[in-house]
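# Take this sequence and fold it.
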Amino acid sequence: MTVSCSATLVTMATKSAPFSMRLPSATDDLVTEEARRTRRSKGAVVAALAEEALRMRLVPGIAFRGDDYERRPWVIGTALDVWQIVEGLRDFGSVERLAAETDVEERHARIAQAYYERFPDEVDEAIADNRRSIDEWRRAFPTIGLIQLDG
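Now for the predicted structure:
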């Protein structure tokens, strides 16, 4: 089966010129099922999978998790998203101090740091979202029920 798709990163606003590719039948079946399940085109599925795979090759030790609309990078071997480790690096000031004073291993901190160096806007946006105040969340989502913890 021939699939036309855009060879562009999903997060980029512009698209490249279309190209055609042939997928093995078994792979095409998997892509077709994923497109049906996520209600996206086959081209969008292939582009998203390619982007994640390329990022994992660029920064070994990274994987992606989350729902289709909110995939996010995390560091394998930890329970932490990249942005959480990067925020820790900012708070502690160095990889060595973060590793010495927390459960984050130095190698995991360096993986998160490497991902951040390549994709800073994505990580900065996640950190900014995490730092939104309760009032900002209420303005953005008026029907949301928030529980404020004292302490």
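
# Okay, buried residues for the one helix or strand residue 46 maps to please.
Under the criterion of DSSP states H and E, residue 46 resides in helix 42-58. Across helix 42-58, burial judged by 16 or more other Cβ atoms under 10 Å covers 42, 43, 44, 45, 46, 47, 48, 51, 52, 55, 56. For glycine as for every other residue, the C-beta is placed from the backbone atoms N, C-alpha and C.

# Leaving out sequence neighbours, find the closest residue to the first one.
Distances taken as Cβ to Cβ, 6 or more residues apart in numbering place residue 35 nearest to residue 42, at 4.7 Å, with adjacent residues excluded.

# The last one too?
In this structure, residue 56 finds its nearest non-sequential neighbour in residue 62, 5.4 Å apart by Cβ to Cβ, 6+ apart.

# Just want the phi and psi numbers for the most centrally placed residue in the chain.
Closest to where the C-alpha atoms of the chain average out (Cα atoms, centre = their mean) is residue 72, at 2.3 Å. When read as degrees, to the nearest 10, the backbone of residue 72 gives phi -140, psi 150.

# tell me the contacts of it?
64, 65, 66, 81, 82, 83, 126 (Cβ atoms under 8 Å, 6 or more residues apart in numbering).

# distance of it from residue 126?
For residue 72, the distance to residue 126 equals 7 Å [Cβ to Cβ, to the nearest Å].

# if I look at those two, which residues touch both of them?
What both residue 72 and residue 126 touch, as defined by Cβ under 8 Å, 6+ apart, is the set 81, 82, 83.
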